[in-house]
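A.B. asks: quick check, what structure comes out for this input:
(chains A and B)
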Amino acid sequence: MTTTEATRVETAAHGTSTWTATRLVAEREIRSYLRMKGFWIGLALVVAGIFAMSILPGVVGAGSTSVAVVGQASDALQSESGFDVRTVPDENAARELVRSEEVEAAVVPDNQGVRVIALSEAPMDVIAALTTAPPVDLLEQGDVSSGERQLVIMVFALLFLIFSMGGLAIAQSTVTEKQTRIVEILVAAVPVRSLLAGKLLGHTVLTLGQMLVLAATAPVALRLGGLDELLTALAPALGWFVPFLVAGFVLLGSLWAVAGAMVSRQEDLGSTTGPVTMLVMLPYFLVMFFADNPLVMTVLSYVPFSSGVAMPVRLFTGDAAAWEAPIALLILAATAAAALLVAAKIYSGSLLQTRGKVALSSAWARQD
Amino acid sequence: MRGINRSFGERRVLDDVSFDVRPGRLTGFLGANGAGKTTTMRIILGVLAAHGGEVSWNGQPLTTQRRRRFGYMPEERGLYPKMQVAEQIAWLGELHGLSRQRAKQNTKELLDALGLTERANDKVEQLSLGNQQRAQVAAALVHEPEMLILDEPFSGLDPLAVEVVLGVLRQRAQAGVPVLFSSHQLALVEQLCDDLVIISGGRIAATGGRDELRRRYGPNRFELVVDPDAGWLRDHPGVRVVDIDGPRAVFDLDRQGTDVEQEILRAAINRGAVRAFHPVVPSLDTIFKEVVG
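C.D. replies: Okay, here's the model as predicted:
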């Protein structure tokens, strides 16, 4: 053991063993997470959530409004479908049905035409059906309604949030190794780099796997919810979302790993994961709040931590040109690569410090 | 290893540490708490870097590849608590470069030898502490290491388990594997070590074969039992009496002049019956106190 440099050079010369070690570490991470009940419950919840969001609005909306009508007033609603019309003899009978909540509204003849009777709130759909709407010409016909747009933005942001927070598992797994001291055996057996790379690889594969599950189930959910057009509009953005998510995961995963390596006990994890959590949450809120602000969204779609959500959203809404996505992805990937290098150094510097919390500066400066 | 130095900040914890571990021999590594045992072991394994000096293997500088073929049992035990015993040990074997099949085979044999076969599919956290310790030994041995470095391998084991583990270690040593282990249990070290390395305050206080160290550091002590009374020994020149109790005397002699004890024996015979006369082999405890104190 002459110098650390000598050790490094030598390890680099045996690339295959480094790769084998990385693969083994990744395999172990994947296997141990696939065995956890929490992992499957979490995935099931996300899938169930997507189904709920696509199908429920349709199911709830399909419940037709029941309306009681008196005499000629029914003509006004006749042309509109979607109402469950009940003809009653007079206004009193209609009022009685509304009061007993057997119908949601009643339309009765009035001096000026018709009058609408309801219990506590004006029934907007009935009023709209009775009003003559002026014709509307849309100059740019959108494929998606603003409601659907909001939904998609939320789903993108939420998925990114869920998977990025999933990186917390890397921090937990690292601190478990420190706390149980198995890290000494591991460091004696394989290069520290392999440990970090294996963890990142394992959890990236897990994340990708979950994405594939979602990618396979989401179209089914959307089709069941009758949102086929939305699916067509979503497909290109979804295609970009996956590489952005993977690169973003490597970036955040490196930070999670450092957060785990810097403390010695699970209980102390909060002190180092706090800043990383901020980096995960902040883009989520920014995108949610500024979804309608093109300038902020443009900036967010290039900043590495938020680009994973903001760029796919902009692609989806049609605000981003085709050339913008690869550039943002490149910036994100470059940042991820840089973060990985920095993380590897800090990770090796703090991994064997098993007493208390390691200061960033000392972890960076350590030679061994 | 030769001339190893290591400091933590301003504090020098290893100062010019040099010793050899020979193949086929069990080498005991002794020292008080904080003397530098664990640091030394970590440096041999490359877990910690030395600030000077060199660790070599068969005359060549010790390489990372070679180190990966060492077996290590750290002082603070560690295995993944939520992983099954057999799966984990086999995984560690693979991590050290064994094929999957070989790792599984070795795991099976080791668990068998260590009496853990029934627990093979339990999670580590479900094992008793003693069994976790056995699993830890298996983890250090699974990849057929070329050298074994064990930090306190016997602490926390009941006497039966000590025998089991010892049997496995002896078997490795007989196969030619150098074994270095630290221990606080001096009696145990005395019973099973071939060579000793004693470290004190970051410096090597003594190294060598067990019997050689006894000769070198233990007092040249004899016990004499005569028939009437041994009180006359007090006035005999060159004799430092340790204890005299009627016919029984324990005394030290200077090392030079090997025939002093013969002279005393003759004197004793001239005075009457001699029931017993033999050298008193100092315990390791005595040597340790002598060397470290």
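
A.B. asks: C-alpha only now, for contacts and for neighbours.
C.D. replies: OK.

A.B. asks: helix, strand, or coil at the residue nearest to residue A:116 when sequence neighbours are not counted?
C.D. replies: Closest residue in space to residue A:116, ignoring its immediate chain neighbours: residue A:107 at 4.7 Å, by CA to CA, 6 or more residues apart in numbering or on different chains. At residue A:107 the chain is in strand, as set by DSSP: H, G, I helix; E, B strand; the rest coil.

A.B. asks: and the gap between residue A:107 and residue A:50?
C.D. replies: 38 Å (CA to CA, to the nearest Å).

A.B. asks: next, count neighbours for whichever residue of the stretch 151-293 of chain B sits closest to chain A.
C.D. replies: Per CA to the nearest CA, residue B:151 is where the stretch 151-293 of chain B lies closest to chain A, at 11.9 Å. Using other CA atoms under 10 Å in any protein chain shown, residue B:151 has 22 other residues around it.

A.B. asks: any weak-confidence spans in chain A?
C.D. replies: A:1-16, A:57-64, A:72-82, A:131-133, A:136-145, A:354-356, A:365-368 (pLDDT under 70).

A.B. asks: most remote residue from the middle of it, which is it?
C.D. replies: Distance to the chain centre peaks in chain A at residue A:111, reaching 54.7 Å (criterion: CA atoms, centre = their mean).

A.B. asks: just give the closest residue to residue 243, not the sequence neighbours.
C.D. replies: Just so you know, I chose chain A. Closest to residue A:243 by CA to CA, 6+ apart is residue A:329, at 7.7 Å.

A.B. asks: not quite, I wanted chain B
C.D. replies: Nearest non-adjacent residue to residue B:243, counting by CA to CA, 6+ apart: residue B:250, 5.1 Å away.

A.B. asks: please enumerate the helices of the stretch 51-200 of chain A.
C.D. replies: Along the stretch 51-200 of chain A, the segments classed as helices by DSSP state H, counting those that start in this stretch run A:73-78, A:91-99, A:124-130, A:146-166, A:168-180, A:182-189, A:192-224.

A.B. asks: which helix or strand lies directly C-terminal to the last one?
C.D. replies: Sequence order places helix A:228-261 as the next helix or strand after helix A:192-224, per DSSP states H and E.

A.B. asks: related to what we said a few turns ago, now tabulate the helices of the stretch 51-200 of chain A in a markdown table and tack on mean neighbour count and distance to chain B.
C.D. replies: Output for the helices of the stretch 51-200 of chain A, formatted as a markdown table (neighbours: other CA atoms under 10 Å in any protein chain shown; distance: least, CA to the nearest CA, whole Å):
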| stretch | mean neighbour count | distance to chain B |
| --- | --- | --- |
| helix A:73-78 | 17 | 66 |
| helix A:91-99 | 18 | 62 |
| helix A:124-130 | 15 | 58 |
| helix A:146-166 | 18 | 19 |
| helix A:168-180 | 23 | 5 |
| helix A:182-189 | 23 | 4 |
| helix A:192-224 | 20 | 10 |
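
A.B. asks: returning to what we had before: looking at residue A:107 and residue A:50, which one has more neighbours?
C.D. replies: With neighbours defined as other CA under 10 Å, residue A:107 and residue A:50 compare such that residue A:107 has more, 28 against 19.

A.B. asks: the more buried one is in contact with residue A:68, isn't it?
C.D. replies: Yes - the criterion here is CA atoms under 8 Å, and residue A:107 meets it with residue A:68 at 6.3 Å.

A.B. asks: now do the strands in the stretch 101-250 of chain B.
C.D. replies: Counting by DSSP state E, counting those that start in this stretch, the stretch 101-250 of chain B has strands at residues B:147-151, B:179-182, B:195-200, B:203-209, B:220-226, B:239-245, B:248-253.

A.B. asks: take those strands and lay them out in a markdown table including mean pLDDT.
C.D. replies: A markdown table is the format used below for these (pLDDT from 0 to 100):
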| stretch | mean pLDDT |
| --- | --- |
| strand B:147-151 | 91 |
| strand B:179-182 | 90 |
| strand B:195-200 | 88 |
| strand B:203-209 | 86 |
| strand B:220-226 | 87 |
| strand B:239-245 | 86 |
| strand B:248-253 | 87 |
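
A.B. asks: dump these into a markdown table; add distance to residue B:62 as well.
C.D. replies: Listed next are the strands of the stretch 101-250 of chain B as a markdown table, based on distance: least, CA to CA, whole Å:
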| stretch | distance to residue B:62 |
| --- | --- |
| strand B:147-151 | 12 |
| strand B:179-182 | 16 |
| strand B:195-200 | 20 |
| strand B:203-209 | 21 |
| strand B:220-226 | 40 |
| strand B:239-245 | 48 |
| strand B:248-253 | 45 |
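
A.B. asks: stretch B:73-85: which residues count as buried?
C.D. replies: B:73-75, B:77-81, B:83-85 (16 or more other CA atoms under 10 Å in any protein chain shown).

A.B. asks: can you tell me how far the residue nearest the centre of chain A is from residue B:45?
C.D. replies: For chain A, the residue sitting closest to the mean C-alpha position, by CA atoms, centre = their mean, is residue A:159 at 1.4 Å. Here the distance between residue A:159 and residue B:45 works out to 44 Å (CA to CA).

A.B. asks: tell me the first helix or strand C-terminal of the helix or strand harbouring residue A:340.
C.D. replies: In the assignment (DSSP H and E), residue A:340 maps to helix A:324-350. Toward the C-terminus, helix A:324-350 is succeeded by helix A:360-365 as the next helix or strand (DSSP H and E).
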